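Peer 1: Provided below are the primary sequence and the corresponding predicted coordinates.
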Amino acid sequence: MKILSIQSHVAYGHVGNASAVFPMQRLGVDVWPVHTVQFSNHTGYGAWRGRVFDGPAVEEVVQGIGERGVLGTCDGVLSGYMGSADIGTAILRAVASVRALNPDALYCCDPVMGDTGCGCYVRPGIPEFMRDHAVPAADIVTPNHFELAFLAGSPCATLDEAKAAVAGLHARGPRVVLVTSFATDETPPDRIDMLAAEDGEFWRVRTPRLDLDVNGSGDAVAALFFVHYARTGSAALALGMAAASVYGLLRRTAEAGSREILTVEAQDEFVSPSETFPVESV
């Protein structure tokens, strides 16, 4: 399997491509990373160095890959943090180029925009681009709870409200939706949920809530879910496998007291999770 992954990158730590690429490689995927930004570290530190690339820079790299004559062998495109709306346009052009050569290729859009507690943290215009252009073009979308509410334009405080919001996304294009960092009024305080949906069916995985505050886990779970879905064709199976791996990754990180997720140290969790959780139909 070959995946074109277009998202941010940091030299130190694990967010964006620095979080997503290695787990996919550990699963045996040939990943072609294209960076939308190159930072020294993630912005949660409050200080960083580096720069945001523009759309033409992304298009130039994808064009170069195309000139090698290999885009037709690409099985899917994964996108994450975009940095600017013109990068979003470049990503959708890359998706169109891959699909023109391989109509079976999947596009997974992780609509990175913000999170519960901190709100929206991307540049103006990006949330609207995600909602109006990227999501309708995607086969799979992986919003967190905050992003789901924005994309749907409706509250998601209850499971029924969340299911209605997901159904609204389905109606706009994506056939598979994964909601991460998901907590409704029925989620116990010591638990956190993930919700997946496909063909009108919904599944939930509930894992223990860990005492940690790190960046990059959403990027990892989107990549894991995408690979498992592409291989199995089942959102339910992909949900169970991705949830088990990311929980193992985060548990190891919490035990170590690390500010960065232990992507390398906990790599066995990607292929052989130490703990699994039931996938329930809801």
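Peer 2: On my side now, so go ahead.

Peer 1: residue ranges of the helices in this structure, please?
Peer 2: Per DSSP state H, the chain carries helices over the ranges 17-26, 55-67, 85-101, 126-129, 135-137, 145-152, 159-171, 217-232, 235-256, 268-271.

Peer 1: Switch those helices over to TSV; also include mean neighbour count.
Peer 2: Just so you know, the C-beta spots here come from the backbone N, C-alpha and C atoms, and that holds for glycine as well. Listed next are the helices of the chain as TSV, based on neighbours: other CB atoms under 10 Å:
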stretch	mean neighbour count
helix 17-26	24
helix 55-67	16
helix 85-101	21
helix 126-129	19
helix 135-137	18
helix 145-152	22
helix 159-171	18
helix 217-232	25
helix 235-256	22
helix 268-271	18
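
Peer 1: And residue 162, how close does it get to residue 218?
Peer 2: Taking CB to CB, to the nearest Å as the measure, residue 162 falls 17 Å from residue 218.

Peer 1: Tell me where the stretch 101-250 of the chain is predicted with low confidence.
Peer 2: 117, 119-120 (pLDDT under 70).

Peer 1: what about dumping the CA coordinates of stretch 145-159 to PDB?
Peer 2: Taking Å, rounded to 0.1, in the frame of the first residue of the first chain, the C-alpha atoms of stretch 145-159 are listed here in PDB:
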ATOM      1  CA  HIS A 145     -15.700  16.500  18.800                       C
ATOM      2  CA  PHE A 146     -15.100  20.300  18.400                       C
ATOM      3  CA  GLU A 147     -14.500  20.000  14.700                       C
ATOM      4  CA  LEU A 148     -17.600  17.900  14.100                       C
ATOM      5  CA  ALA A 149     -19.800  20.500  15.700                       C
ATOM      6  CA  PHE A 150     -18.300  23.200  13.500                       C
ATOM      7  CA  LEU A 151     -18.500  21.200  10.300                       C
ATOM      8  CA  ALA A 152     -22.100  20.200  11.000                       C
ATOM      9  CA  GLY A 153     -23.100  23.700  12.300                       C
ATOM     10  CA  SER A 154     -25.000  22.000  15.100                       C
ATOM     11  CA  PRO A 155     -24.500  21.000  18.700                       C
ATOM     12  CA  CYS A 156     -23.200  17.500  19.600                       C
ATOM     13  CA  ALA A 157     -23.700  17.300  23.300                       C
ATOM     14  CA  THR A 158     -25.700  14.100  23.100                       C
ATOM     15  CA  LEU A 159     -25.200  10.900  21.200                       C
END
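
Peer 1: Could you number the chain from 22 rather than 1 from now on?
Peer 2: Yep, numbering from 22; the last one is stretch 166-180 now.

Peer 1: hmm, who's touching it?
Peer 2: Contact partners of stretch 166-180, identified using CB atoms under 8 Å, 6 or more residues apart in numbering, comprise 132-137, 140-141, 148, 151-152, 156, 162, 164, 182-183, 185-187, 189-190, 200-207, 303.

Peer 1: Kindly recompute the last result at 7 Å.
Peer 2: 132, 134-137, 148, 151-152, 156, 164, 182-183, 185-186, 189-190, 200, 202-207, 303 (CB atoms under 7 Å, 6 or more residues apart in numbering).

Peer 1: re the thing from before, distance to residue 59 added to the helices of the chain, as TSV?
Peer 2: Formatted as TSV, these follow (distance: least, CB to CB, whole Å):
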stretch	distance to residue 59
helix 38-47	10
helix 76-88	10
helix 106-122	13
helix 147-150	18
helix 156-158	25
helix 166-173	24
helix 180-192	31
helix 238-253	15
helix 256-277	24
helix 289-292	25
